[in-house]
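Novice: I would like to see how this sequence folds:
(one chain, ligands or ions: 3)
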Amino acid sequence: MFTIGCHLSSSKGFLHMGKEAVSLGANTFQFFTRNPRGFSSKEPDPKDCEEFIKFWSENGGGKIVAHAPYTLNACSAEEKTRKLAYLLMSDDLKRMELVPGNYYNFHPGSHVKQGVEKGIDYIVEFLNNVITPEQQTTVLLETMAGKGSEIGRTFEELQAIIERVEHKEKIGVCMDTCHIFDGGYDIINDLDGVFEQFDRIIGLNKLYAVHVNDSKNIMGSHKDRHECIGKGNIGIEAFERFINHKAVKGLPMILETPNDLPGYKQEIELLKGLYKE
Ligand code: FE
Ligand code: FE
Ligand code: ZN
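Specialist: Numbering: from 1, shown residues only. Ligands and ions are numbered 1, 2, ... in the order given. Have a look, this model is predicted:
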């Protein structure tokens, strides 16, 4: 089954997002757990969550993806920033139990001047503190473009984290097409090769979700500027091959392109048209 959707505003709750997704022709969606550039949020309403779960299953909805705020940095040099990251994510994961069995995606972090190794040490420590064996949510590390000192710009960096996570069944990867392209992975001319690398280094069984975004910049630019599908440097033919690749069959695919809701609706239709059963 083709599982496609887009990023939605969470300000009106889960049931509202579910209905919005269905109206766009989507069967998945992503949302920020809190203000993406701050930390504020309101508590989810258990009744709204229950109504959403019922509505979503009746409408054939797939797994949904929560996205942590951008400001969360699990590998900051500042202890108080790392502590805050822990408090926020553990609170988010507790809330996610109201909509159990879904995904929670986060940016691994920026090491700033500490170096990749130190950064990875902090992220591993963080994940081993924040992930509990009881949780029903799978935490996803997002593949990053490698802007500044971002960790997660290579599959090797993500694997170096995953291999040291204690509860391995609770951790996976969300692949962002704009980010890996900007990170230097040639998904236009060597898609099979990119997935082979992912499989060899991390394992395709650890790939749980995808962000489908075109890129305003060229391969290897390490910039991270999303573009609408077909309007950037990745291009429509590459997306047609990507969404039909066996490595991502059935995974939730989330658009994070610069669109309003009608734009997302069009892009969802576009990708559905390119998808071959
Ligand atoms: Fe992201
Ligand atoms: Fe993304
Ligand atoms: Zn991005």
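
Novice: what does the residue of the stretch 1-150 of the chain found nearest ligand 2 show for phi and psi?
Specialist: Using CB to the ion, the point where the stretch 1-150 of the chain gets nearest to ligand 2 is Glu142, with a distance of 5.6 Å. From N, CA and C alone the C-beta is placed, and that goes for glycine too. Main-chain torsions, Glu142, degrees, to the nearest 10: phi -90, psi 140.

Novice: count the residues that sit near Asp176.
Specialist: Other residues lying near Asp176 total 27 when counted by other CB atoms under 10 Å.

Novice: ok, it touching Leu140?
Specialist: No. Taking contact to mean CB atoms under 8 Å, the distance of 10.5 Å between Asp176 and Leu140 leaves them out of contact.

Novice: which stretches of this structure form helices?
Specialist: Along the chain, the segments classed as helices by DSSP state H run 14-23, 46-58, 79-96, 116-130, 155-162, 177-182, 191-201, 236-243, 261-274.

Novice: out of those helices, which is closest to Lys168?
Specialist: Distances from Lys168 to each of the helices of the chain were compared by CB to CB, and the smallest falls on helix 155-162, at 7.1 Å.

Novice: got the CA coordinates for that closest one in CSV?
Specialist: Extracted C-alpha coordinates of helix 155-162, given in CSV (Å, rounded to 0.1, in the frame of the first residue of the first chain):
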residue,chain,number,x,y,z
PHE,A,155,24.8,6.4,7.3
GLU,A,156,28.0,5.5,9.2
GLU,A,157,27.2,8.2,11.9
LEU,A,158,23.7,7.0,12.3
GLN,A,159,24.9,3.4,12.6
ALA,A,160,27.5,4.4,15.2
ILE,A,161,24.6,5.7,17.3
ILE,A,162,22.2,2.8,16.7
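
Novice: for the nearest residue to Ser76 once chain neighbours are set aside, what are its contacts?
Specialist: The shortest distance from Ser76 to any non-neighbouring residue, by CB to CB, 6 or more residues apart in numbering, is to Arg82 (5.4 Å). Arg82 sits next to Asn73, Ala74, Cys75, Ser76, Tyr122, Phe126 when contact means CB atoms under 8 Å, 6 or more residues apart in numbering.

Novice: one step back: pLDDT wise, what is the residue of the stretch 1-150 of the chain closest to ligand 2 at?
Specialist: Glu142 carries a pLDDT value of 98.

Novice: next, count neighbours for it.
Specialist: Residues near Glu142, counting by other CB under 10 Å, number 21.

Novice: bridged to it, which residues?
Specialist: The bridge-partner assignment for Glu142, based on DSSP bridges, gives Cys174.

Novice: residues contacting it?
Specialist: Asn105, Phe106, His107, Pro108, Gly152, Val173, Cys174, Asp176, His179, His211.

Novice: next one: it from Asn105, what distance?
Specialist: Distance, Glu142 to Asn105, by CB to CB, to the nearest Å: 5 Å.

Novice: tell me the residues that contact both of the two, please.
Specialist: Cys174.

Novice: wait, which of the contacts of Glu142 is closest to Val99?
Specialist: Minimum distance to Val99 across those is 14.4 Å, recorded for Asn105 (CB to CB).

Novice: is it correct that that closest one is in contact with Ala209?
Specialist: Yes. Checked against CB under 8 Å, the pair Asn105 and Ala209 is within contact range at 6.8 Å.

Novice: compare the two (neighbour count), which wins?
Specialist: Each of Asn105 and Ala209 had its neighbours counted (other CB under 10 Å), and the higher figure belongs to Ala209 (26 against 23).

Novice: now for that one: which residues touch it?
Specialist: Ala209 makes contacts with Lys63, Val65, Tyr103, Asn105, Leu140, Gly172, Cys174, Met175, Leu251, Pro252, Met253, Ile254, as judged by CB under 8 Å, 6+ apart.

Novice: try 6 Å this time
Specialist: Val65, Tyr103, Leu140, Cys174, Leu251, Pro252 (CB atoms under 6 Å, 6 or more residues apart in numbering).

Novice: swap in Gln30?
Specialist: Contact criterion CB under 6 Å, 6+ apart gives His7, Val65, His67, Ile254 as the residues in contact with Gln30.
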